[in-house]
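1. Take this sequence and fold it.
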Amino acid sequence: MRILIAEDDFVSRKFMLRFLSKYGECDVTVDGIETVDVFKMALNNEEGYDLVCLDIMMPALDGYQVLQTIRRIEEEKKVPEDKRAKIIMTTALNEGRNVMKAFELGCVAYAGKPIDQKKFENELRKLGLIS
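-> Below you'll find the predicted structure:
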């Protein structure tokens with residue numbers, strides 16, 4: 001599995017990398033623009049990501065803007081629905097309106113920080129990313 005972790009906080013980024021690296025190859029970005037660039041480059045090289053873990057509060061572009069841009073890129077490149085990246089929002093923003101907005105923009109799951117590893121693994125199983 002190819003995983004992109006978009007996280008500007010060093011401690012959270014290190015935790016996510018350590019936690020997810022046992023499930024696949026991980027790339028890490030620290031802001032929204034870098035995330036979009038890396039995602040686009042991977043698709044252009046036909047090495048798209050299976051999973052994107054996306055923080056909402058990031059510099060340059062926030063997670064909502066990145067999510068919207070990724071979904072637009074996938075549409076433009078005519079990526080079939082079942083081949084699109086599974087995007088999980090990883091954030092401390094747990095208010096209902098934030099959750100709703102993320103799902104409306106195309107995320108498949110929402111994980112509040114601090115990340116509960118067992119719940120996160122269960123979500124990965126539900127999405128068919130791990131067994």
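2. where do the helices sit along this protein?
-> In the chain, helices defined by DSSP state H lie at 10-20, 32-44, 63-76, 96-105, 117-126, listed in chain order.
3. can you put the ones you listed in CSV and add mean neighbour count?
-> C-beta coordinates here come from the backbone N, C-alpha and C atoms, glycine included. Putting those into CSV (neighbours: other CB atoms under 10 Å) gives the following:
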stretch, mean neighbour count
helix 10-20, 15
helix 32-44, 18
helix 63-76, 19
helix 96-105, 14
helix 117-126, 13
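4. Any chance of the ones you listed in JSON lines with mean pLDDT and distance to C53 as columns?
-> Converted to JSON lines, the helices of the chain look like this (pLDDT from 0 to 100; distance: least, CB to CB, whole Å):
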{"stretch": "helix 10-20", "mean pLDDT": "95", "distance to C53": "6"}
{"stretch": "helix 32-44", "mean pLDDT": "97", "distance to C53": "10"}
{"stretch": "helix 63-76", "mean pLDDT": "96", "distance to C53": "10"}
{"stretch": "helix 96-105", "mean pLDDT": "87", "distance to C53": "13"}
{"stretch": "helix 117-126", "mean pLDDT": "95", "distance to C53": "9"}
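5. Could you save the ones you listed as a markdown table and add columns showing distance to L4?
-> Rendered in a markdown table, the data for the helices of the chain read as follows (distance: least, CB to CB, whole Å):
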| stretch | distance to L4 |
| --- | --- |
| helix 10-20 | 10 |
| helix 32-44 | 6 |
| helix 63-76 | 9 |
| helix 96-105 | 16 |
| helix 117-126 | 14 |
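6. how about those, which one is nearest C26?
-> Across the helices of the chain, C26 has its closest neighbour in helix 10-20 (5.5 Å, CB to CB).
7. Restrict that closest one to CA atoms and write it as PDB.
-> Coordinates of the C-alpha atoms in helix 10-20 are reproduced here as PDB (Å, rounded to 0.1, in the frame of the first residue of the first chain):
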ATOM      1  CA  PHE A  10       6.400  17.200  13.900                       C
ATOM      2  CA  VAL A  11       5.300  15.000  16.700                       C
ATOM      3  CA  SER A  12       2.100  14.000  14.900                       C
ATOM      4  CA  ARG A  13       4.000  13.400  11.700                       C
ATOM      5  CA  LYS A  14       6.500  11.200  13.400                       C
ATOM      6  CA  PHE A  15       3.800   9.200  15.200                       C
ATOM      7  CA  MET A  16       1.800   8.700  11.900                       C
ATOM      8  CA  LEU A  17       4.900   7.600  10.000                       C
ATOM      9  CA  ARG A  18       5.900   5.100  12.700                       C
ATOM     10  CA  PHE A  19       2.400   3.800  13.000                       C
ATOM     11  CA  LEU A  20       1.600   3.500   9.300                       C
END
